[in-house]
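Enquirer: kindly generate the corresponding structure for this input.
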Amino acid sequence: MRWLWVLVAAVGWGQTFEATPAAAQQGETIRVGSSGQATAARMMGRTVPLYPQAEGGRLGLMPVAAGTQPGSYPLEFLAEGGAVLRASTITVRDARFRTQNVMLEKAILDLQPAPGEMETVAAFQKAVSETRRWVEPLARPVPGCMVSPFGVKRLHNGKPTGEYHRGIDQRAPAGQPVRAVAAGEVKIVRKFNLHGGTVAIDHGQGLESIYLHLSRFATTEGALVKKGDVIGYAGSTGRSTAPHLHWSLYVHGVPVNPVQWVPLRPCVQAKRPDSR
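Expert: Next comes the predicted model:
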């Protein structure tokens with residue numbers, strides 16, 4: 001999507017500090033930029049690097065977690081030594097995430113992670129590479145409509161799980177090619193118990209994507225892929241009730257709403273998600 005840049009402040013010698021959106025919903029990503037000495041930004045105790053960009057200046061991605069309380073928060077621009085060069089205010093708005101019940105058979109509900117499954121995914125989320133491979137707009141991985149949106153509070157068979165949907169589900173028949181949303185390096189190509197067939201891609205400078213429940217793979221770990229390359233095929237492996245694609249975006253390890261990055265339309269009268 002096209003991002004609207006908002007000038008936050010300018011101080012001496014033409015140095016600028018930028019952040020957009022200045023009012024973000026829970027689960028969105030704030031772009032933080034500087035043309036001067038700022039090399040990092042800090043908000044709610046999280047510090048993210050501002051990377052030099054080919055077109056000049058620096059850019060960083062600041063995630064707003066889905067569970068962030070609505071309100072106003074200071075965003076600080078930091079010099080290399082940690083000194084605060086400038087502070088602005090970011091407003092976090094209530095995204096009004098709804099509740100969604102998923103009916104699961106006992107065999108699916110009782111699935112346990114494979115050895116190392118959760119650790120492998122967690123390590124992927126934490127890793128950050130400095131080379132930016134992504135450009136906008138990002139691509140849709142499959143053409144189908146959105147069955148389940150980001151952020152919904154999940155119930156399994158009517159019982160609260162304490163979790164929320166960390167990505168989105170798109171309608172996709174079994175065997176539908178799944179494409180990389182942006183260029184990047186493939187970090188995970190594995191068959192897991194809960195996630196099912198999984199491909200994870202590092203797009204650089206804090207942006208990552210992961211694709212779950214795949215039936216087959218079309219890439220390998222360590223491969224460099226381009227936006228739109230086929231990386232696998234949709235299926236219903238792992239904790240899943242029907243063929244579809246679940247995919248997530250992470251910014252510095254925090255799940256963020258893909259709809260801010262990729263325009264997607266909801267399915268008409270979708271009554272329940274097809275995945276976990």
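
Enquirer: switch to C-alpha atoms for all contacts and neighbour counts from now on
Expert: Noted.

Enquirer: need the longest strand for this structure.
Expert: Assignment by DSSP state E gives strand 84-93 as the longest strand of the chain.

Enquirer: what does that one contact?
Expert: Residues from elsewhere that reach strand 84-93 (CA atoms under 8 Å, 6 or more residues apart in numbering): 8, 17, 22-26, 38, 64, 68-79.

Enquirer: so how far is stretch 236-248 from its chain's centroid?
Expert: From the chain centre to the centre of stretch 236-248 is a distance of 17 Å (CA atoms, centre = their mean, to the nearest Å).

Enquirer: what's the end-to-end length of that stretch?
Expert: 16 Å (CA to CA, to the nearest Å).

Enquirer: what of stretch 233-251?
Expert: One end of stretch 233-251 to the other measures 25 Å (CA to CA).

Enquirer: hang on, the earlier thing: for whichever helix or strand comes after the longest strand of the chain, which strands pair with it and how are they oriented?
Expert: Following strand 84-93 in sequence order, the next helix or strand is strand 99-102 (DSSP states H and E). Looking at strand 99-102 with DSSP bridges, its partner strands are strand 153-156 (parallel).

Enquirer: helix, strand or coil for the most centrally placed residue in the chain?
Expert: Residue closest to the average C-alpha location in the chain (CA atoms, centre = their mean): Leu249, at 1.8 Å. Using DSSP: H, G, I helix; E, B strand; the rest coil, the structure places Leu249 in strand.

Enquirer: with the one 10 residues further on instead?
Expert: Three-state call for Val259 (three-state DSSP): helix.

Enquirer: do you know the pLDDT at Pro255?
Expert: pLDDT for Pro255: 98.

Enquirer: so who does the residue nearest to the centre of the chain touch?
Expert: 167, 207-210, 255-258.

Enquirer: farthest-apart pair in those residues, please.
Expert: Spatially, the most separated pair among the contacts of Leu249 is Gly167 and Leu207, at 14.0 Å (CA to CA).

Enquirer: run through who's touching stretch 225-234.
Expert: By CA under 8 Å, 6+ apart, the residues outside stretch 225-234 that reach it are 138-139, 141, 172-186, 199, 213-219, 243-245.

Enquirer: from those residues, which land in helices?
Expert: If you go by DSSP state H, the contacts of stretch 225-234 have nothing in helices.

Enquirer: now these: which count as buried?
Expert: For the contacts of stretch 225-234, a burial check counting by 16 or more other CA atoms under 10 Å picks out 138-139, 141, 172-174, 176-186, 199, 213-217, 219, 243-245.

Enquirer: tell me the angle the helix or strand harbouring Thr16 makes with strand 84-93.
Expert: Using DSSP H and E, Thr16 sits in strand 15-20. Here strand 15-20 runs at an angle of 20 degrees relative to strand 84-93 (axes from the mean of the first three to the mean of the last three CA atoms, to 10 degrees).

Enquirer: neighbouring strands - and their directions - for the next helix or strand after strand 15-20?
Expert: Downstream of strand 15-20, the first helix or strand assigned by DSSP H and E is strand 23-25. Neighbouring strands of strand 23-25 in its sheet, by DSSP bridges, are strand 84-93 (parallel).

Enquirer: sort out which residues of the partner strand are buried, please.
Expert: Neighbour-count burial for strand 84-93, counted by 16+ other CA under 10 Å, picks out 86-87, 90-93.

Enquirer: and the residue nearest to the centre of the chain, what's its pLDDT?
Expert: At Leu249, pLDDT is 98.

Enquirer: Provide the partner residues of it in its beta bridges.
Expert: Those that pair with Leu249 in a beta bridge, by DSSP bridges, are Ser209, Val256.

Enquirer: how far away is it from Thr99?
Expert: 21 Å.

Enquirer: and Lys187, by the same measure?
Expert: Relative to Thr99, and taking CA to CA, Lys187 is found at 32 Å.

Enquirer: these two: which has the busier surroundings?
Expert: Using other CA atoms under 10 Å as the criterion, Lys187 and Thr99 rank with Lys187 on top: 20 against 13.

Enquirer: thought the more buried one was touching Gly204?
Expert: No - in this structure, Lys187 is not within contact of Gly204 by CA atoms under 8 Å, at 11.7 Å.
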